[in-house]
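Peer 1: Turn this into a model:
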Amino acid sequence: MILSELIYRHIFRGSIVRKMCGATIRISDKAIIRNSRIVASPGTNIIIKDKCIVDNVEMYLNKGSVIIGDNSILSGRKNEKLKIIVNNGMMEMADHSKLSCRRIWLRFGGCLSIGRYTNINEGSEIRCDECVEIGSYNQISYNVRIWDTNTHSILDAAERRRVTEDRFPYFGYESERPATAPVKIGDDCWIGENAAILKGTELGNGSVVGFGTFLTNKKIPDGAKVVNERPVRVVSK
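Peer 2: Predicted coordinates:
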């Protein structure tokens with residue numbers, strides 16, 4: 001690490017903020033960065049606005065930008081940092097929102113937007129390879145998955161073997177964007193614990209998604225309540 005790339009005022013709060021040559025980092029003097037690591041590669045852009053708190057976060061930008069609005073909070077668990085990985089994409093978070101989720105991962109030019117006064121709880125994950133829009137005043141519970149992507153291309157056995165051998169030991173990383181479809185979550189929604197909001201899903205304003213509900217390519221109208229109803233079968237007394 002080149003010492004000239006460090007922004008020293010954050011070291012005293014246990015943080016490493018590294019701006020490589022050609023990167024732009026603008027962090028308000030009124031923002032607090034603690035117990036975190038932020039690395040901006042050449043050509044990337046990070047803006048953290050007034051009175052933000054970034055606590056126990058790892059943020060890595062290889063290509064793209066991250067903008068965090070006024071009074072917003074990014075906070076990892078005590079023993080697990082919130083990871084924000086932008087390999088190629090744009091993330092914009094409005095004011096007065098809070099992220100305590102496990103991971104946000106953008107690739108292939110994906111665009112993620114999060115509105116005002118939205119809360120995303122611990123263990124949740126966002127994966128964005130195309131477009132994820134999350135509106136304002138949403139409550140998103142624990143261990144929720146919001147993915148606009150299959151995450152991996154579906155290859156036949158012969159091609160998957162060839163790719164695995166050619167890229168070993170990095171065969172788990174995709175070089176081409178897999179199948180995607182935008183995800184849109186309106187305003188004033190409640191998404192219950194362990195729900196999965198997958199590619200092609202649109203939630204209307206004021207929607208309620210129950211515990212463990214799995215949605216893909218669904219259009220949910222405003223104010224709808226969505227639950228998984230599974231039949232129960234008694235196999236023995």
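
Peer 1: So for the chain, the centremost residue is which one?
Peer 2: residue 104 (2.4 Å; Cα atoms, centre = their mean).

Peer 1: Surely that residue forms part of a strand?
Peer 2: Yes - the assignment for residue 104 is a strand, going by DSSP: H, G, I helix; E, B strand; the rest coil.

Peer 1: I'd say it and residue 120 touch.
Peer 2: No - between residue 104 and residue 120 there is no contact under Cβ atoms under 8 Å: 9.1 Å. C-beta here means a position set from N, CA and C on the backbone, and glycine is covered the same way.

Peer 1: What residues sit buried inside stretch 148-164?
Peer 2: For stretch 148-164, the neighbour count (16 or more other Cβ atoms under 10 Å) marks 148-150 as buried.

Peer 1: Could you count how many residues lie near residue 46?
Peer 2: By other Cβ atoms under 10 Å, 23 other residues sit near residue 46.

Peer 1: Mind giving me the packing neighbours of the host helix or strand of it?
Peer 2: In the assignment (DSSP states H and E), residue 46 maps to strand 45-48. In this structure, strand 45-48 packs against strand 24-27, strand 57-61, strand 64-68, with contacts taken as 3 or more Cβ pairs under 8 Å, 6 or more residues apart in numbering; DSSP states H and E.

Peer 1: what about the protein, any weak spots by pLDDT?
Peer 2: 1-5, 8, 172, 229-237 (pLDDT under 70).

Peer 1: do that again at 80, thanks
Peer 2: Residues of the chain that meet the criterion pLDDT under 80 lie in 1-9, 12, 170-175, 229-237.

Peer 1: With secondary structure and distance to residue 91 added, can I get the buried residues of stretch 148-164 in CSV?
Peer 2: Listed next are those as CSV, based on DSSP: H, G, I helix; E, B strand; the rest coil; distance: Cβ to Cβ, whole Å:
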residue, secondary structure, distance to residue 91
148, coil, 13
149, strand, 15
150, coil, 21
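
Peer 1: from those residues, which single one is nearest residue 98?
Peer 2: Within those, proximity to residue 98 (Cβ to Cβ) peaks at residue 148, which comes in at 21.8 Å.

Peer 1: Residue 110 bridge partners, please.
Peer 2: Beta-bridge pairing for residue 110 (DSSP bridges): residue 89.

Peer 1: contacting residues around it?
Peer 2: Residues near residue 110 by Cβ atoms under 8 Å, 6 or more residues apart in numbering: 88-90, 128-132, 148-149.

Peer 1: Then residue 86?
Peer 2: Neighbours of residue 86 in contact, by Cβ under 8 Å, 6+ apart: 44, 59-66, 106.

Peer 1: Including neighbour count and distance to residue 20, could those residues go into a markdown table?
Peer 2: Shown next, in a markdown table, are the contacts of residue 86 (neighbours: other Cβ atoms under 10 Å; distance: Cβ to Cβ, whole Å):
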| residue | neighbour count | distance to residue 20 |
| --- | --- | --- |
| 44 | 21 | 8 |
| 59 | 25 | 14 |
| 60 | 16 | 11 |
| 61 | 27 | 10 |
| 62 | 17 | 10 |
| 63 | 16 | 12 |
| 64 | 22 | 14 |
| 65 | 18 | 14 |
| 66 | 25 | 15 |
| 106 | 28 | 19 |
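
Peer 1: hang on, the earlier thing: how far does whichever helix or strand comes after the strand holding residue 46 sit from its chain's centre?
Peer 2: With elements assigned by DSSP H and E, the helix or strand that comes after strand 45-48 is strand 53-55. Centroid separation for strand 53-55 versus its chain: 16 Å, with Cα atoms, centre = their mean, to the nearest Å.

Peer 1: Assess the claim that residue 76 and residue 55 are in contact.
Peer 2: Yes - judged on Cβ under 8 Å, residue 76 makes contact with residue 55 at a distance of 7.1 Å.
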